[in-house]
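>>> I'd like to go over a predicted model; first the sequence, then the structure.
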Amino acid sequence: MNRGRWCSTPAGQRIPLSSLVHIEEVEGPSTISHEWGQRRTTVQVNVRGRDVGSYVAEAQRKIAARVSLPSGRYRIEWGGQFEHYERARNRLIIVVPLVRAMIFALLYVTYRSVADALRGYVGVPFAIVGGVLSLWVRDMPFSISAGVGFIALSGVAVLGKMVLVSYVRQLPARGLPVGLAIEEAAMTRLRPVLMTALVASLGFLPMALSTGVGAEVQRPLATVVVGGVISSTLLTLLVLPAIYLVFGVSAARPLATQEEDSLE
């Protein structure tokens, strides 16, 4: 109502509204949203320069310390990207150990030896170290895309180790001493191991350097894979031969023996 409006009495007289009520113009919500019969107010915010998880955790602490809500009448729910992040994180808690177990099982089926499966699996923790360092160097927070990158990295990091481990197991079966077998395998398989690492790294490099639409999802994933492959390759070429020197080599059975077992 405006201050200049009039109203009529039952007797037909016209009196200004200002003489009956106090009129004041105030700002209020343009719409009142409802959900399940309850009023709802949405506060939107864009998070930049940090991960959503740490931002929401800090916001929850500050709201709990400074905002007092009547019990039973009001509640606060966090949605949007944070809700998707929570769901994806709960899935990753199940998917990541499952993927690691499947990789180890495939290595055991390949080598038929727990020791060699563990030696081939050594590349996975080496790769994780490189992925974490690459995120730290590029000042990127851990996100769901980075978690997916660690899953992909677990499989890529094992490829180069399989090339080296398979060849190391073949040489003692030919009568070569352990030291010479490890040296021969490291020299002979150096090029295939490096090529395997370069193919994976160069394939993800454009994604790691992208700045276009969707780069916020591509960069963490590719950065983890590139950094993890580099660290895994370098550390494997140095550490894996040392592991074989310390714990020895379980030689692979000759092909003729394997064929006889299969015929039996």
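Sure, I can see it.
>>> Quick check: beta-bridge partners of the residue nearest to Ile32 when sequence neighbours are not counted?
Excluding the flanking residues, the one nearest Ile32 by Cβ to Cβ, 6 or more residues apart in numbering is Arg39, at 6.0 Å. In this view, the C-beta of every residue, glycine as well, is placed from N, C-alpha and C. Applying DSSP bridges to Arg39 yields these beta-bridge partners: His34.
>>> which regions of the stretch 51-200 of the chain lie under the pLDDT threshold?
173 (pLDDT under 70).
>>> re earlier: Arg73 is in contact with the residue nearest to Ile32, correct?
No. Here Arg39 does not reach Arg73: they are 10.2 Å apart, not a contact under Cβ atoms under 8 Å.
>>> In terms of neighbours, single out the busier of these two.
Arg39 (10 against 7; other Cβ atoms under 10 Å).
>>> Please tell me how far the residue nearest to Ile32 sits from Arg75.
Using Cβ to Cβ, to the nearest Å, Arg39 is found at 12 Å from Arg75.
>>> now Gln81
Counting by Cβ to Cβ, the gap from Gln81 to Arg75 is 20 Å.
>>> Counting neighbours, go ahead and name the busier of these two.
Gln81 (15 against 8).
>>> need the contact list for the more buried one.
Gln81 makes contact with 47, 52, according to Cβ atoms under 8 Å, 6 or more residues apart in numbering.
>>> How far off centre is the helix or strand containing Met162?
Here Met162, judged by DSSP states H and E, is contained in helix 144-173. Computed by Cα atoms, centre = their mean, to the nearest Å, the chain-centroid distance of helix 144-173 equals 19 Å.
>>> what ranges do the helices span in the stretch 1-150 of the chain?
52-66, 81-111, 114-121, 123-137, 144-173 (DSSP state H, counting those that start in this stretch).
>>> Can you mark which positions in the third one are buried?
Think helix 114-121. Going by neighbour count (16 or more other Cβ atoms under 10 Å), the buried part of helix 114-121 is 116-117, 119-121.
>>> which residues are contacting it?
With Cβ under 8 Å, 6+ apart, helix 114-121 has contacts from 103-104, 107-108, 110-111, 158, 161-162, 165, 169, 240, 243-244, 247, 250.
>>> Of these - the most surrounded one?
Ranking the contacts of helix 114-121 using other Cβ under 10 Å puts Val165 first, with 29 neighbours.
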